[in-house]
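Undergrad: Quick check, what structure comes out for this input:
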Amino acid sequence: MNIAIITGASSGMGREFAAQIETQLRRTDEIWLLARRKEPMEELARTMRIKTRIIPIDIADERELRRFREVLLLAAPKITLLACCAGVGYYGAFSSREDEDISAMLRLNVAAQTLLIKLCLPYMRKGSKIIQFASGAAFVPQPNFAVYAATKAYAYSFGRAIGRELRGRGICVTTVCPGPVDTPFLERAYGDGAPMSARKRKVMVKPERVVAKAIEDCRRHRTVSVCGAPMQALYLATQSVQNILQLFW
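TA: Take a look at the predicted model:
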């Protein structure tokens, strides 16, 4: 059985990704939707034409991730696509953030995503694809988003590195690095804190654009997907600096 797995499928980027990808999957029998909230995934599944399996799970909980390992062992699927869309972020000075907020970002954005990819790799073959969502925040440090940006810098570096490792197996890894995206994530991230800056609002894009470009870039075997001219300019600028620094390493 060939399957596609999408995390964070209850809202935001994961939900949009599921809505777009179902029409573009080839030789895929099922989509598995993973998220903590069951009801939004059930609502989404009713709109999808491909067979869909709903798996309520908190992938940041290692016990639940171990149970998912058992699900994979029993099903023994071939994973044609793994889309890691789950993520969390909180705005505010590092010193004022609750320990639990910091721990949540590290568990989900770093540990959970890393362990899930490791868990799924034995079920992937030549032609399988991994799409993981990082952020434009990965390119430069972000005061008041210090931990979130650091976790996304990890995701960016990790994705680029394993992409090189898996190239010989014919597995493509595309890391998606959008700027601000108009999803519920931003409402949760800022909460009762300071409002988003006008500069960020000006470069905000719709999730439909980000996901469509991510799917196209993955299809073209591109290692990084950056949506929008401002983010692409930032990405190219940081790449230029990195290339210069490598001359001294």
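
Undergrad: Every contact and neighbour count from this point should use C-alpha atoms.
TA: OK.

Undergrad: Can you report how many residues lie near Leu72?
TA: 15 (other Cα atoms under 10 Å).

Undergrad: same thing with Gln113?
TA: Neighbourhood size, Gln113 [other Cα under 10 Å]: 23.

Undergrad: Begin at 52, not 1, for the rest of this chat.
TA: OK, 52 is where the count begins now, so the last one is Gln164.

Undergrad: and after the helix or strand of the chain with the lowest mean pLDDT, which helix or strand comes next?
TA: When each helix and strand of the chain is scored by mean pLDDT, DSSP states H and E, helix 249-253 comes last, with a mean of 60. As assigned by DSSP states H and E, the chain's next helix or strand after helix 249-253 is helix 258-270.

Undergrad: The nearest residue to Ser179 once chain neighbours are set aside in helix, strand or coil?
TA: In this structure, Ser179 finds its nearest non-sequential neighbour in Thr131, 4.4 Å apart by Cα to Cα, 6 or more residues apart in numbering. Put simply, Thr131 is strand when judged by DSSP: H, G, I helix; E, B strand; the rest coil.

Undergrad: so how far is Lys180 from Thr131?
TA: From Thr131 over to Lys180 the distance is 6 Å, taken as Cα to Cα, to the nearest Å.

Undergrad: One more: Met282?
TA: Met282 sits 24 Å away from Lys180, going by Cα to Cα.

Undergrad: Of the two, which one has the most company?
TA: Lys180 (23 against 20).

Undergrad: show me the contacts for that one.
TA: 131-133, 222-225, 269 (Cα atoms under 8 Å, 6 or more residues apart in numbering).

Undergrad: Does Ile56 touch Ile130 like I think?
TA: Yes - Ile56 sits in contact with Ile130 when judged by Cα atoms under 8 Å, with a separation of 7.4 Å.

Undergrad: Most neighbours among the contacts of Lys180, which one?
TA: That'd be Val224 among those, by other Cα under 10 Å, with 28 neighbours.

Undergrad: Would you mind naming the residues that bridge with that one?
TA: On the basis of DSSP bridges, Val224 is bridged to Ile181.

Undergrad: so who does it touch?
TA: 180-183, 210-211, 213-214, 217, 269, 272-274.

Undergrad: Quick check: pLDDT value at it.
TA: In this model, Val224 is scored at 98, pLDDT.

Undergrad: do Thr234 as well
TA: Residue-level confidence at Thr234 comes out at 67, pLDDT.

Undergrad: Mind jotting down where the helices sit in the chain?
TA: 63-72, 89-96, 113-126, 150-156, 164-171, 197-217, 235-241, 249-253, 258-270, 280-297 (DSSP state H).

Undergrad: most tightly surrounded among those?
TA: Stretch with highest mean neighbour count among the helices of the chain: helix 63-72 (a mean of 21; mean count of other Cα atoms under 10 Å).

Undergrad: low-confidence ranges in the chain?
TA: Low-confidence segments of the chain, defined by pLDDT under 70: 234-254, 280, 291-300.

Undergrad: related to what we said a few turns ago, how about the contacts of Val224 in JSON lines, adding distance to Ala197?
TA: Below are the contacts of Val224 laid out as JSON lines (distance: Cα to Cα, whole Å):
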{"residue": "Lys180", "distance to Ala197": "30"}
{"residue": "Ile181", "distance to Ala197": "26"}
{"residue": "Ile182", "distance to Ala197": "24"}
{"residue": "Gln183", "distance to Ala197": "20"}
{"residue": "Gly210", "distance to Ala197": "20"}
{"residue": "Arg211", "distance to Ala197": "21"}
{"residue": "Ile213", "distance to Ala197": "24"}
{"residue": "Gly214", "distance to Ala197": "26"}
{"residue": "Leu217", "distance to Ala197": "30"}
{"residue": "Cys269", "distance to Ala197": "29"}
{"residue": "His272", "distance to Ala197": "31"}
{"residue": "Arg273", "distance to Ala197": "28"}
{"residue": "Thr274", "distance to Ala197": "25"}
